[in-house]
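>>> Turn this into a model:
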Amino acid sequence: MADETIFDKKNILVIGGAGFIGSHLCDEIVKEAKVVCLDNFLTGDDNNISHLLQDPNFEFINHDITTQIDLAKRPELENFKIEFQGVQEIYFLSSPASPRAYGQYPIETMMVNSIGLYNALQMAVEYKAKFIYVSSPVVYGEVKEGQKVKEDYRGVVDQLGPRASYTEAKRFGETMVNNYKTKFNIDAKIARVFNCYGTRMQLDDGRMIPELIRSAIHGKDLVVYGGESDVASYLYVNDLIQALVKMMDSGESGPLNIASDAKYKFSEVAQKVVEISGSKSSITYNDREPIMSTQILADIVVAKESLGWFPITLLDEGLEETIEYLSAQRGVLEPGQ
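Okay, the predicted model is just below:
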């Protein structure tokens, strides 16, 4: 029905569009398309999309995707002509993604990556829309420290562990997408996004970089969970958005590792945060908490070759922008206050 654009611009649905990554994606694709942004603000933030609300090519709908929705019957989408043109592309980013978030919302995390994803895939079938499921490297399971994983790696997963609500949700989600692709012959893709950071992260996100920045701007010791020589890679959000858009436009269905291939020691990252923020804080090191995983490094050869993509943002540049953004949230109370 809707695999071709009838009017001047494509209709694109972004599920989870008010979140950290989703809002940046909306910023990019609204330049050339009409964007329907769905979010229920479980972990998203209306401030992330407030600047888009006056754009005639952008429409926000407050909706929980675990409940079905008929876009063609939504009066606010009248100008999108859904009943005639349908939807051409769907991005699924509707899931808590930080340990703090899925630790707080474990049931919601599993529900959105099962029932919510089912509802989204049903729309993809109805509209013959291209579909991207944003997954995670947690699907790889146990990985040796510092090991680079390719897309075909298979590790052991503890389905009853403290991270299982997220890990098993993403593994199930990938299986669901793959079976919809096979059964209904839809153009469905899987992107495994590694360790992304940038502006619009929440100050109390719980992941390493915002936690270090929060401590630095509040003048507290930076606590690194892991050893000084432990390594990880860090993908700036702008680079991720370019990869997702390129993947949607490509013939590549994945699964595809989307990551930075530059690795840094934890000590280097912490020191950069201190220097860039102008903080006088000290740096300390603790053992990882049970809900935290070993940092997984990605082999991104397939993404480079199939998409013609590679990350271009240097860590210092990305940290400068992120610190400037999060510093504006300096007045946010520390969790528990």
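
>>> How far away from the center of its chain is the top helix by length along the chain?
Looking across the chain with DSSP state H, the single longest helix is helix 164-184. When distances are taken as CA atoms, centre = their mean, to the nearest Å, helix 164-184 is centred 16 Å away from the chain's centroid.

>>> Equivalent analysis for stretch 109-117, please.
Here stretch 109-117 is found 15 Å from its chain centre; the criterion is CA atoms, centre = their mean.

>>> List the residues that contact the residue lying closest to Leu93 once chain neighbours are set aside.
Spatial nearest neighbour of Leu93, excluding adjacent residues (CB to CB, 6 or more residues apart in numbering): Gly16 at 3.7 Å. Where you see a C-beta, it was placed from the backbone N, CA and C, and this is true even at glycine. Contact analysis of Gly16 by CB atoms under 8 Å, 6 or more residues apart in numbering lists Gly22, Leu38, Asp39, Gly44, Ile65, Phe92, Leu93, Ser94, Ser95.

>>> Quickly check those residues for the two that are furthest apart.
Gly44 and Phe92 (13.7 Å; CB to CB).

>>> higher neighbour count, the two?
Per other CB atoms under 10 Å, whichever of Gly44 and Phe92 has more neighbours is Phe92, with 28 against 24.

>>> All the helices of this protein, residue numbers only.
Using DSSP H, helices in the chain cover 20-29, 82-85, 99-104, 106-111, 117-127, 164-184, 208-217, 237-249, 266-277, 301-307, 315-327.

>>> In a markdown table, list those along with distance to Asn257.
Listed next are the helices of the chain as a markdown table, based on distance: least, CB to CB, whole Å:
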| stretch | distance to Asn257 |
| --- | --- |
| helix 20-29 | 16 |
| helix 82-85 | 33 |
| helix 99-104 | 21 |
| helix 106-111 | 22 |
| helix 117-127 | 20 |
| helix 164-184 | 13 |
| helix 208-217 | 19 |
| helix 237-249 | 10 |
| helix 266-277 | 20 |
| helix 301-307 | 6 |
| helix 315-327 | 19 |
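
>>> Mean pLDDT lowest where, among the ones you listed?
Out of the helices of the chain, helix 99-104 stands lowest, with a mean of 82 (criterion: mean pLDDT).
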